[in-house]
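**Student:** Quick one: sequence and predicted model below, then my questions.
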Amino acid sequence: MLNPQDISNYNNLSKTEKQALEKDMQHDDLSYLSSLAFEQFKVSDSEITKLNSLLDKKKGSSNSSFNTIFISLLCGLLIGISIFFVIFQKSKNHPSVYQSIEEEQAAKKLNNNVTETDTVFPVIEHKVVEHYNTIAEKIEEEPISEMPEMLPSKPVSLPVIEDKEEDIVFAFTPNAPVVFISNLKVTNYRMYYFRQSEAIDLSINTGVAAQYGSKAEIEKPMMNSSNTYLAHKVIAQAMRLFNSKHIVNCIEELAILYKYNKDDANAQFYLGMCYYQLNKYGIAETYFQKNLDNVNNIFHQESEFYQALCFLNLKQTDEAIKQLQTIVNNKGFYSERAKETIHKHSK
């Protein structure tokens, strides 16, 4: 056994003694560690003896630790067995267990109730068909029916219908909305006489002089004496005057509208008609031509016919006959009257 005193006097030993001491110290790990402790703390013999007695006592108590370990293992085994039985009992009480048991009992009952006289249907096994041969097998299974004999067809000869196309003239197809005021046609009522849903005030245009033939033709104006002249009220008053044959007063009203908007198709046409009725054919023809040049074609047929009549009264017979013949060819509303006028002046 190692001598603690030799370990404490390690530095004073000879080389041979040091090697023997180191060999003894390295005999096992415990001896080596104890030697380091002896060297560092300078342990005495009495302390070593006391330590050995403690170790012997520790070895004696190893049996009690073994008993503790054995009891722990036994308790763990019992706990594991208990958990296993709890899980098994829970799975046994699950509804699926009862369902499977009921299905088995029903199957057994059904098998027991089947007698020899009962009809037992065979179990049909579904044949798995590969995707690449389904079309071919389907074609083979379908029976090919014979085509029925067709009755001989006889050609049907229908009578030839002569297609008599009538000349349709689209020149006078209306291209603007129309309303009627005092039974007279008025076009573009809202566009001409309203601006953004508000009435147009024409009070700045009230200084227009009327075209009178003589002083005897001057009539008292029937227009409202107010300084406010709303466009839609002016056209309504003009139509009432024209319908009641107050031609001069109608010209006053229409002149206000025409000065405000020279493209007003209503003012152009009805001014032409007013001057035509006053036998002022030159002025009337000018207004009719303005109306014919207007994009709005609502009054084009009327203006074309009455312009031709103005040409006749102005002794421009050739131009009048030519225009009347155009009206006849167009087969419009005035075609019959134009034909009668041509016949009358050709004599």
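**Tutor:** Everything's here; your move.
**Student:** Just confirm Q89 is within a helix.
**Tutor:** Yes - when classified by DSSP: H, G, I helix; E, B strand; the rest coil, Q89 is found to be part of a helix.
**Student:** Any idea how many residues pack against it?
**Tutor:** By other C-beta atoms under 10 Å, the residues close to Q89 number 9. The way it works is simple: take the backbone N, C-alpha and C, and place the C-beta from them, glycine included.
**Student:** I200 against A231, yeah?
**Tutor:** Yes - taking C-beta atoms under 8 Å as the definition, I200 is a contact partner of A231 at 4.0 Å.
**Student:** For the two, indicate the residue with more neighbours.
**Tutor:** Neighbours per residue (other C-beta under 10 Å) separate I200 from A231, with A231 holding more: 22 against 16.
**Student:** From V86, how far off is that one?
**Tutor:** According to C-beta to C-beta, to the nearest Å, A231 and V86 sit 100 Å apart.
**Student:** same thing with M191?
**Tutor:** Counting by C-beta to C-beta, the gap from M191 to V86 is 94 Å.
**Student:** Then L78?
**Tutor:** 13 Å.
**Student:** Next: N266.
**Tutor:** Computed with C-beta to C-beta, the distance linking N266 and V86 is 104 Å.
**Student:** E304 now?
**Tutor:** Taking C-beta to C-beta as the measure, E304 falls 111 Å from V86.
**Student:** Just the strands from the stretch 151-300 of the chain, written as ranges.
**Tutor:** 178-181, 184-187, 194-195, 198-199 (DSSP state E, counting those that start in this stretch).
**Student:** Please identify the most buried of those.
**Tutor:** strand 184-187 (a mean of 19; mean count of other C-beta atoms under 10 Å).
**Student:** what's the burial count for K18?
**Tutor:** Using other C-beta under 10 Å as the criterion, K18 is surrounded by 14 other residues.
**Student:** and stretch 197-206, average pLDDT?
**Tutor:** Confidence for stretch 197-206, expressed as mean pLDDT, is 74.
**Student:** ok, and what's touching it?
**Tutor:** With contacts defined as C-beta atoms under 8 Å, 6 or more residues apart in numbering, stretch 197-206 is touched by 193-194, 227-234, 256-257, 259-260.
**Student:** I'd like the distance between K185 and L51.
**Tutor:** The value you get for K185 to L51, if C-beta to C-beta is used, is 137 Å.
**Student:** typed the wrong thing, it's I71
**Tutor:** Taking C-beta to C-beta, one finds I71 at 31 Å from L51.
**Student:** Between the two, point out the one with more neighbours.
**Tutor:** Applying other C-beta under 10 Å to I71 and L51 shows that L51 carries more neighbours, namely 13 against 10.
**Student:** how about the host helix or strand of the more buried one: buried residues?
**Tutor:** Secondary structure from DSSP states H and E places L51 in helix 45-60. Within helix 45-60, the residues scored as buried using 16 or more other C-beta atoms under 10 Å are I48.
**Student:** which residues of the stretch 1-150 of the chain score low on pLDDT?
**Tutor:** Scanning the stretch 1-150 of the chain for pLDDT under 70 picks out the ranges 1-10, 24-45, 58-65, 90-104, 106-150.
**Student:** ok, now which ones touch A236?
**Tutor:** 181-182.
**Student:** And it, how far from N188?
**Tutor:** A236 is 15 Å from N188, where distance means C-beta to C-beta.
**Student:** Then V295?
**Tutor:** 10 Å.
**Student:** cool, and G76?
**Tutor:** Per C-beta to C-beta, G76 is found 106 Å from N188.
**Student:** For these two, indicate the residue with more neighbours.
**Tutor:** N188 (17 against 10).
**Student:** Just give the number of residues close to the closest residue in space to that one that isn't next to it in sequence.
**Tutor:** The shortest distance from N188 to any non-neighbouring residue, by C-beta to C-beta, 6 or more residues apart in numbering, is to A176 (5.4 Å). By other C-beta under 10 Å, the residues close to A176 number 15.
**Student:** Use 787 as the first number for this chain going forward.
**Tutor:** Happy to do that; since the first residue is 787 now, the last one works out to A962.
**Student:** my read: A962 touches T973, true?
**Tutor:** Yes - assessed by C-beta under 8 Å, A962 is found in contact with T973 at 4.9 Å.
**Student:** list residues touching both of these two?
**Tutor:** By C-beta under 8 Å, 6+ apart, A962 and T973 have these common neighbours: 1051, 1082, 1084.
**Student:** now, which of the residues you listed sits nearest E1071?
**Tutor:** E1071 lies nearest to A1051 out of those, by C-beta to C-beta, at 16.6 Å.
**Student:** which residue packs closest to the closest one, ignoring adjacent ones?
**Tutor:** N1082 (4.2 Å).
**Student:** Next, the contact list for the one you found, please.
**Tutor:** For N1082, the contact set (C-beta under 8 Å, 6+ apart) comprises 961-962, 973-974, 1051.
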